[in-house]
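In: fold the following, please.
(one chain, ligands or ions: 1)
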Amino acid sequence: MTTGTLTLVATPIGNLGDFSPRAAEMLSSADIIACEDTRVTRKLLNLTGTATNAKMVAYHDHNGAAMRPWLLDQLADGKAVVLVSDAGTPLISDPGYKLVAACREQDIPVLSVPGPSAVLAALAISGLPTDRFMFAGFLTGSAKARRDQITEIEGVRATIIWFETPSRIAASLAEMADILGPRPAAVARELTKLHEDVKCGSLDELAAEMKANKPKGEIVLVVGGKPRGDEEIDDATLDGMLRAELDGQRLRDAVKAVVEATGLPRNRVYRAALALNGDEKDTS
Ligand code: SAM
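Out: Numbering: from 1, shown residues only. Below is the predicted model:
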C-alpha cells in the first residue's frame, strides 16, 4: 500500500479572496481534514462553496498527543490528510510542528499549499528591510518575561516580527523604545480586512500613538534590527559625549541628545549618565 501524504494548507487571514484554487482542491479531495477548530474550517468551506466528503477532526495543542498516533496510522494506511489552522499558514504560531516532525521521522511525505501568513504580509508592507528577518512569535503577557524577550533580541541585526495584542501594544512599544533605542517600526493591523491599517514611525512615536488611540483587531509588530555601527560606541566615547552634553543641561535633556545622536538604547545612555552624575557628585 502507498503511504498517504500530509498536506499543509494555508487559509485566508481575513479576506476570503485569498483562498486559493489549489487550497480548495486539496480540501475537496482530502480523506481527512485536521483542523485547529472544525467549526472555523466548516465556516470557511461554506463561505467559499467548497464541497468535501473528508472526515473533519480537531487537531490542536490540547489533543495533539492523543490525535497524532491516529493521524499517523491513517497516513500509513494511504489516506490523504490535510492540516489547516483557523487562519493563515499552519505551524506558524499554530499547531502542526510535532505532526510534521513525526511524518519526517516515519518517511511520510509532507506537501505544502502555501498562501496567506500575517508574518510575511506585515514584513512586506512595513517598509523595513526584508533581506534578513526574524519571526519572534507572540510577546508574552508577563512584564518581566516580555522585557527578557525584548532584551534577548537586542543584538539581532535583522528585522524582527512579533505578534501582539491590541491591549498590550502601547506598553510593548514603550518597553522596546526603552530597551532597543530609537529604532524604526511598523504596526500592521487587520491585514487584508476592511479596516487594514499600517502605522510607521520610531518605537517611541508609535508607543505614544497607540496609547492615545487604542487600536482594535489583530496586530503584527515589525521592528528594525540593531543598527550597524552601534558597537563602535564604547563606554569611554559615550561618557565623553555625555559629559559634553551634561555641561549646562539637565540630565534628561543630555540623555535625549545623546540617544538621538548615536541611536543607542535610552536605558544604556541613561545608566551611563546616572553613573557620571554620581561620580561628579562624589568628587565635589
Ligand atoms: N498562522 C497564522 C499566520 O500564518 O498568519 C498566525 C496565527 S497566530 C495564532 C494569530 C496572530 O497572527 C494574531 O494574534 C495576530 O497577531 C496575527 N494576525 C493574524 N491575522 C492577522 C491580520 N489579518 N492582521 C494582522 N495580524 C494578524
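In: buried set for stretch 182-193?
Out: If you call a residue buried by 16 or more other CB atoms under 10 Å, then stretch 182-193 has these buried ones: 182-192. Any C-beta I mention is one placed from the backbone N, CA and C, and that applies to glycine too.
In: closest to the ligand among those residues?
Out: residue 191 (3.5 Å; CB to the nearest ligand atom).
In: wait, the closest one touches residue 220, no?
Out: Yes - at 7.2 Å, residue 191 counts as touching residue 220 under the criterion of CB atoms under 8 Å.
In: where do the contact lists of those two overlap?
Out: Residues touching both residue 191 and residue 220 by CB atoms under 8 Å, 6 or more residues apart in numbering: 118, 121-122.
In: can you tell me which of those residues is nearest the ligand?
Out: residue 118 (3.5 Å).
In: gap between that closest one and residue 219?
Out: Per CB to CB, to the nearest Å, residue 118 is found 9 Å from residue 219.
In: any residues in contact with both of those two?
Out: What both residue 118 and residue 219 touch, as defined by CB under 8 Å, 6+ apart, is the set 163, 188.
In: what is the end-to-end distance of stretch 198-216?
Out: 12 Å (CA to CA, to the nearest Å).
In: and what of stretch 30-42?
Out: 14 Å.
In: okay, the closest residue to the ligand within the stretch 1-150 of the chain: pLDDT?
Out: In the stretch 1-150 of the chain, the residue found nearest to the ligand is residue 88; the distance is 2.3 Å by CB to the nearest ligand atom. At residue 88, the predicted lDDT confidence score is 98.
In: and it, bridged to which residues?
Out: Counting by DSSP bridges, residue 88 is bridged to residue 11.
In: that one against residue 14, yeah?
Out: No - using CB under 8 Å, residue 88 is not in contact with residue 14, being 9.4 Å away.
In: which one's more surrounded, those two?
Out: Neighbour count, other CB atoms under 10 Å: between residue 88 and residue 14, residue 88 has more, with 24 against 20.
In: hang on, residue 146 packs against residue 137?
Out: No - assessed by CB under 8 Å, residue 146 is found out of contact with residue 137, at 11.9 Å.
In: these two: which is more packed in?
Out: Counted by other CB under 10 Å, residue 146 and residue 137 do not tie: residue 146 has more neighbours, with 19 against 13.
In: what's the offset of stretch 107-117 from the middle of its chain?
Out: Mean-position distance between stretch 107-117 and its chain equals 20 Å (CA atoms, centre = their mean, to the nearest Å).
In: what residues sit buried inside it?
Out: In stretch 107-117, counting by 16+ other CB under 10 Å, buried: 108, 110, 113, 115-117.
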